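J.: next comes the sequence, and after it the predicted model I'd like to discuss.
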Amino acid sequence: MSDRSTTPPPSPPTGMRKGLTSYGDEGFSLFLRKAFIKGAGYTDATLDRPVIGITATGSAYNPCHGNMPQLLEALKRGIQLAGGLPMEFPTVSLHESFAAPTSMYLRNLMAIDTEELVRAQPMDAVVLVGGCDKTVPAQLMGAASAGLPAVQLITGSMLTGSHRGQRVGACTDCRRYWARFRAQEIDQAEIADVNDQLVASVGTCSVMGTASTMACIAEALGLTVPGGASPPAVTADRMRVAEETGRIAVQVARQQLTIDRILTPQAFENALRVLLAIGGSTNAIVHMAAIAGRLGYELDLNGLDRLGRETPVLLDLKPSGDHYMEDFHAAGGMATLLRALKPLLHLDALTVTGRTLGEELEAQGPGFAQTVVRPLADPIHPQGSVAVLWGNLAPGGAIVKQSAADPRLMEHEGRAVVFEDAADLAARIDDPALDVAADDVLVLKRIGPKGHPGMPEAGYLPIPSKLARQGVKDMLRISDGRMSGTAFGSIVLHVTPEAAVGGPLAWVRSGDRIRVSLARRELSLLVDEAELAARRAAAPVTPPTAERGYRKLFLDSVLQADRGADFDFLVAPQSRGKVPPPR
Ligand code: FES
Ligand code: MG
């Protein structure tokens, strides 16, 4: 792996002396560096200690990171009390609602920013402070490539609000109330009241969306301090996690415990198990593929599917269950979940504390009675939340969140009703003249990584309103896009390769027959190969390009969903095998 070959072997912390090559004269470079840092009021003595970089991602545009000032204060206290020098620096910060066309379009930009600033500036370890959906994946991708010792600090979830006696939280309840408003079940005054309550504090969405999923994954990977995933953003527990993170960051700097020693195939397998057991967001599969790719590992979708058959859903949290993140925290958080999953985990995986996952679980004691995390013997859903489908419509695989799907539609053959892109969908889905029936299969093309740059969360196609009015609540829906972790339905996502690069999805026409079988893990277009070849020849696909800027870089470089939608030049060039590791 190139990152490893260009990274010097582990050595003791060098603090401000690290990377003194700018002027070809190390003595002069250090002399200048010290002059400038003294200009900020530091003394010589302060500089002789491990330097801990902190990626500060506070932004007025990012309320999910709204506790950043207090969090950084606690983190720096932990670093200083352990003898380190905290050095905070800004990076890109992304929020789901404020980043157009989609935050996913900018995830790789944040990953590049994080990687290069971690590599460029003098630091012996880095604390990655993130929370909102794309931030933790971007930070882990960047840090994996930079290769330094790294610890993830999660901002934490928001509190739940209360609307007329009902608990509410973003964003499963956002969708529910908006649907009721559109159906005229609630009026303008009530929807305004709901709007006040959905986000009751700073912090990330309070259900098992991508942010909560990635927080749990970061802890399962061994990259947070124990208990780092679940404390809500505004709690004392969250601030204590921040202080402890500072202490551990100095320890990983002193030990030069580099991130590649934490992110092993066993750690990835543990994290995939957790993803499946928490009913986690399908987006996390794309992020895991990208993070693994940075270390030369290829996410094996067959392996993921195998883990899914063995790993039940245990966590009773919205959207698959009833609770919110603060309930998960009160139930013991990840320690409770990992304890329940213990027979399925690699307990010898190393964590940033320098101890193994098994040792950390031992240290946290036996747990207590609670109702949010089920035991293996009494799961919410007997298999993991996600299954992988294959077939001539998805040679590179497709994902279905089976725990959120209607079992009847998971063994289904129907007539395709095709929308060529998102604009076509918007123009026709509610047209009373649309030729569509409840057992048809809705197909949306060109919302993949290149088709609608960034692969937006448009895979949750609305039910055509003429059917919705007849009471149709779910239909089989297929696309090359993503969907929000907070959504549910019989929805096939991430069809690979995507339509915009000439994947088989591009050639589907309304009236074609499509077959899905979850039992056989099948996604088939029932059109013969000669006919498909004729369609390809008649209207070849030209992948989209752009003239300049980040959009050009994106369209020229972005990989398909199965490779994490990372840029091709950011993936480690040497392969180190598959995750989960083959048996
Ligand atoms: Fe930031 Fe949901 S919008 S986590
Ligand atoms: Mg989301």
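T.: Cool, the structure landed. Ligands and ions are numbered 1, 2, ... in the order given.

J.: ends of stretch 285-304, how far apart?
T.: 9 Å (CA to CA, to the nearest Å).

J.: next up, the contacts around P540.
T.: Residues near P540 by CB atoms under 8 Å, 6 or more residues apart in numbering: G502. Bear in mind the C-beta positions are built from the backbone N, C-alpha and C, glycine included.

J.: actually S230, not the one I wrote
T.: Residues near S230 by CB under 8 Å, 6+ apart: G156, S157, A215, C216, M325, F328, H329, G333, M334.

J.: and if we set it to 10 Å?
T.: By CB atoms under 10 Å, 6 or more residues apart in numbering, the residues touching S230 are 154, 156-157, 212, 215-216, 219, 237-238, 241, 325-337.

J.: go through these and flag which are in strands.
T.: I154 (DSSP state E).

J.: show me how to select, in ChimeraX, the buried members of the contacts of S230.
T.: Those of these that count as buried under 16 or more other CB atoms under 10 Å are selected in ChimeraX with:
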select :154,156,157,212,215,216,219,238,241,325,326,327,328,329,331,332,333,334,335,336,337
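
J.: which of the contacts of S230 come close to ligand 2?
T.: Among those, no residue is within reach of ligand 2 (CB under 5 Å from the ion).

J.: can you flag which of the contacts of S230 belong to helices?
T.: Applying DSSP state H to the contacts of S230, the entries found in helices are 212, 215-216, 219, 237-238, 241, 325-330, 334-337.

J.: is stretch 126-136 anywhere near ligand 1?
T.: Yes. Applying CB under 6 Å from any ligand atom, one finds stretch 126-136 touching ligand 1 at C132, D133.

J.: give me the distance between the two termini of that stretch.
T.: With CA to CA as the measure, stretch 126-136 spans 13 Å from end to end.

J.: tell me the mean pLDDT for that stretch?
T.: Stretch 126-136 shows a mean pLDDT of 98 in the predicted model.

J.: starting at the chain centroid, how far to that stretch?
T.: Put simply, stretch 126-136 sits 10 Å off its chain's centre (CA atoms, centre = their mean, to the nearest Å).

J.: now swap in stretch 339-357 and tell me
T.: 21 Å.

J.: what residues sit buried inside it?
T.: 339-341, 344-347, 349-353, 356-357.

J.: next: stretch 101-113.
T.: Buried residues in stretch 101-113, counted by 16+ other CB under 10 Å: T102, S103, M104, Y105, L106, R107, N108, L109, M110, A111, I112, D113.

J.: quick one: which of the buried residues of stretch 339-357 is nearest to ligand 2?
T.: Each of the buried residues of stretch 339-357 was scored against ligand 2 by CB to the ion, and L341 proved nearest at 24.2 Å.

J.: phi, psi of the closest one?
T.: With angles defined as degrees, to the nearest 10, L341 sits at phi -90, psi 0.

J.: what's the nearest residue to it if we skip its chain neighbours?
T.: A277 (5.6 Å; CB to CB, 6 or more residues apart in numbering).

J.: residues in contact with the one you found?
T.: Here A277 is in contact with 216, 220, 307, 311-315, 337-338, 340-341, 344, 373-374, 376, 379-381, 384-385 (criterion: CB under 10 Å, 6+ apart).

J.: ok but E413 is inside a strand, no?
T.: Yes. Using DSSP: H, G, I helix; E, B strand; the rest coil, the assignment for E413 is a strand.

J.: before we move on, back to that, quick one: the residue nearest to L341 and ligand 1, what's the gap?
T.: Using CB to the nearest ligand atom, to the nearest Å, one obtains 20 Å as the distance from A277 to ligand 1.

J.: tell me the pLDDT at that residue?
T.: On the pLDDT scale, A277 gets 97.

J.: what parts of this protein come near ligand 1?
T.: C64, H95, E96, S97, C132, D133, A170, T204, C205, G209, A211.

J.: burial measure for the last one, as a count.
T.: This points to A211. Here the count is done by other CB atoms under 10 Å, and A211 has 33 residues near it.

J.: quick one on the thing from earlier: which among the residues of the chain next to ligand 1 gets closest to V400?
T.: The closest of the residues of the chain next to ligand 1 to V400 turns out to be G209 (CB to CB; 17.9 Å).

J.: the closest one touches E96, doesn't it?
T.: Yes. G209 is within contact range of E96, at 8.6 Å (criterion: CB atoms under 10 Å).

J.: OK, contacts around E420?
T.: R428, V443, L444, K445, R446, A499, A506, V508.

J.: common neighbours of G209 and E96, please.
T.: With CB under 10 Å, 6+ apart as the test, G209 and E96 both reach C132, D133, A170, C171, S484.

J.: who wins for neighbours among the residues you listed?
T.: Most neighbours among the shared contacts of G209 and E96, by other CB under 10 Å: D133, with 31 neighbours.

J.: ok, the residue lying closest to it once chain neighbours are set aside to M104 distance?
T.: Nearest residue to D133 in three dimensions, chain neighbours excluded: T210, at 4.0 Å (CB to CB, 6+ apart). To M104, T210 is 10 Å away according to CB to CB, to the nearest Å.

J.: anything in contact with each of those two?
T.: Any residue near both T210 and M104 by CB under 10 Å, 6+ apart counts here, and that gives E96, D133, K134, P137, N283, V286, H287, E457, R482.

J.: just the ones of these in helices?
T.: Per DSSP H, these map to helices at P137, N283, V286, H287.

J.: strands of the stretch 351-500 of the chain, residue ranges please.
T.: Here the stretch 351-500 of the chain has its strands, by DSSP state E, counting those that start in this stretch, at 386-391, 394-401, 411-419, 441-444, 476-479, 491-493.

J.: for the second one, buried residues please.
T.: Within strand 394-401, the residues scored as buried using 16+ other CB under 10 Å are A394, G396, G397, A398, I399, V400, K401.

J.: who does that strand pair up with?
T.: Partners of strand 394-401 in the sheet, by DSSP bridges, are strand 386-391 (antiparallel), strand 491-493 (antiparallel).

J.: circling back: which of the ones in helices among the shared contacts of T210 and M104 are buried?
T.: By 16+ other CB under 10 Å, these give P137, N283, V286, H287 as buried.

J.: the residue nearest to the first one when sequence neighbours are not counted and L221, how far apart?
T.: Meaning P137. Nearest residue to P137 in three dimensions, chain neighbours excluded: H287, at 3.7 Å (CB to CB, 6+ apart). Distance, H287 to L221, using CB to CB: 11 Å.

J.: identify the contacts common to those two.
T.: L140, M214.

J.: pull up the residues of the stretch 201-350 of the chain that are close to ligand 2.
T.: Counting by CB under 5 Å from the ion, the residues of the stretch 201-350 of the chain near ligand 2 are G209, T210.

J.: perfect, I'm done here.
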